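Trainee: No letters, just coordinates:
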Ligand SMILES: [Mg+2]
């Protein structure tokens with residue numbers, strides 16, 4: 001390689017600086033996606049954003065060639081909204097409120113579409129995104145490979161998919177993730193406020209107390225919670241890679257290890273809290289477009305204090321805490337109408353779904369081994 005003379009090198013630098021300035025100064029009315037280090041990044045799979053049940057059926061029954069041909073033929077026909085669609089729309093609404101208050105800030109939600117679809121199908125996805133006016137600039141074509149590497153590269157704060165294996169893999173890697181389900185009936189959701197409902201144990205918190213309920217029953221659990229009321233819920237089990245607004249790589253690394261005691265969704269609640277505080281700082285607490293709910297089967301009197309104290313010890317707020325003392329969650333969620341409800345136990349998901357709540361299963365903790373309090377027979381693991 002020939003060496004560059006100093007004058008040529010200087011000219012080259014100048015060219016580069018001019019080119020960079022040109023692109024930096026390009027004006028567009030289309031909002032640009034924020035940089036991953038500032039954004040709250042939500043990765044959604046194409047099958048959660050859009051309802052692709054019919055298309056999937058063609059893929060499974062007729063094979064990939066017919067599937068791609070069908071998608072090409074229907075390229076200009078927008079896909080129907082899927083389970084994550086109302087949630088994504090609500091995120092966009094929060095973004096426009098944030099942009100009004102902080103025009104220069106990149107602390108916004110950023111949506112990444114994860115898909116292992118054939119590139120040809122990408123055109124139908126893009127057409128559908130444009131049809132609904134969604135701001136999704138980042139596409140990630142995984143080509144059927146594990147999404148973990150991409151989720152980490154995009155610094156993902158929440159991953160939503162229909163594939164529970166990929167979701168489990170993400171959770172094992174310390175990424176907040178959930179498997180989404182479409183509700184059986186549709187309900188009208190608020191279009192001015194993003195509403196997110198979380199279960200407590202094994203979702204925001206570790207499954208430490210859930211283990212006691214499952215293995216020793218409720219009385220032992222109540223005693224345990226009373227005894228440890230002032231000790232935050234903890235479990236050295238889960239990592240968290242997404243506490244990252246405005247923090248450098250080293251801080252994030254420290255946060256990853258420090259937070260190895262929280263439930264898988266804690267980081268996402270934290271990210272929502274950081275954006276909520278931006279509204280509070282502009283005196284918009286009462287009119288904040290993000291509202292969070294804790295919907296737990298715990299009862300307030302016997303085991304509620306510990307969860308509230310745990311949240312306080314983490315410096316996290318939740319707008320409404322609802323203690324159901326074992327009552328079904330579905331009817332209450334029907335009133336809250338969240339854009340997404342996270343729970344680790346499938347029977348709560350099923351109950352919520354039946355009554356029209358968009359639900360997301362967090363496959364984490366001891367609850368995965370039980371159904372309605374009964375131990376599920378586990379198939380023997382093959383090595
Ligand atoms: Mg739970």
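Mentor: In hand now; what should we look at? In this text, all values refer to a predicted model and were calculated from it rather than measured experimentally. Numbers count the residues shown, from 1 in each chain.
Trainee: What is the neighbour count of residue 82?
Mentor: 23 (other CB atoms under 10 Å). Every C-beta, even on glycine, is put in place using the N, C-alpha and C of the backbone.
Trainee: which residues does it contact?
Mentor: Contacts of residue 82 were listed using CB atoms under 8 Å, 6 or more residues apart in numbering, and they are 47-52, 180, 182.
Trainee: Test for you: state the pLDDT assigned to it.
Mentor: For residue 82, the pLDDT comes out at 95.
Trainee: Residue 173 contacts residue 149, doesn't it?
Mentor: No. The pair residue 173 / residue 149 is not scored as a contact, 9.7 Å apart, by CB atoms under 8 Å.
Trainee: Neighbour count: the two, which is higher?
Mentor: More neighbours surround residue 173 than the other of residue 173 and residue 149, with 16 against 11 (other CB under 10 Å).
Trainee: For this protein, which residues are neighbours of the ion?
Mentor: 199, 201-202, 344 (CB under 5 Å from the ion).
Trainee: where does residue 104 land in three-state SS?
Mentor: coil (DSSP: H, G, I helix; E, B strand; the rest coil).
Trainee: So it versus residue 38, what's the distance?
Mentor: Distance, residue 104 to residue 38, by CB to CB, to the nearest Å: 11 Å.
Trainee: quick one: which of those two has more around it?
Mentor: residue 38 (16 against 5).
Trainee: Kindly tell me how buried the residue lying closest to that one once chain neighbours are set aside is, as a neighbour count.
Mentor: Distance criterion CB to CB, 6 or more residues apart in numbering; nearest residue to residue 38, sequence neighbours excluded, is residue 106 at 3.9 Å. Using other CB under 10 Å, residue 106 has 16 other residues around it.
Trainee: following the helix or strand residue 16 falls within, which helix or strand comes up?
Mentor: Following DSSP states H and E, the helix or strand that holds residue 16 is helix 6-24. On the C-terminal side of helix 6-24, the nearest following helix or strand under DSSP H and E is strand 40-45.
Trainee: starting at the chain centroid, how far to that following strand?
Mentor: Taking CA atoms, centre = their mean, to the nearest Å, the mean C-alpha location of strand 40-45 is offset from the chain mean by 6 Å.
Trainee: what lines up beside it in the sheet?
Mentor: strand 109-115 (parallel), strand 156-161 (parallel) (DSSP bridges).
Trainee: Buried deepest among the ones you listed, which one?
Mentor: Among those, ranked by average contacts under mean count of other CB atoms under 10 Å, first place goes to strand 156-161 (a mean of 27).
Trainee: Now tell me what touches it from outside.
Mentor: For strand 156-161, contacts defined as CB under 8 Å, 6+ apart pick out 40-45, 47-48, 83-84, 87, 112, 114, 147, 151, 166-167, 170, 175-180, 242, 244, 267-268, 271, 360.
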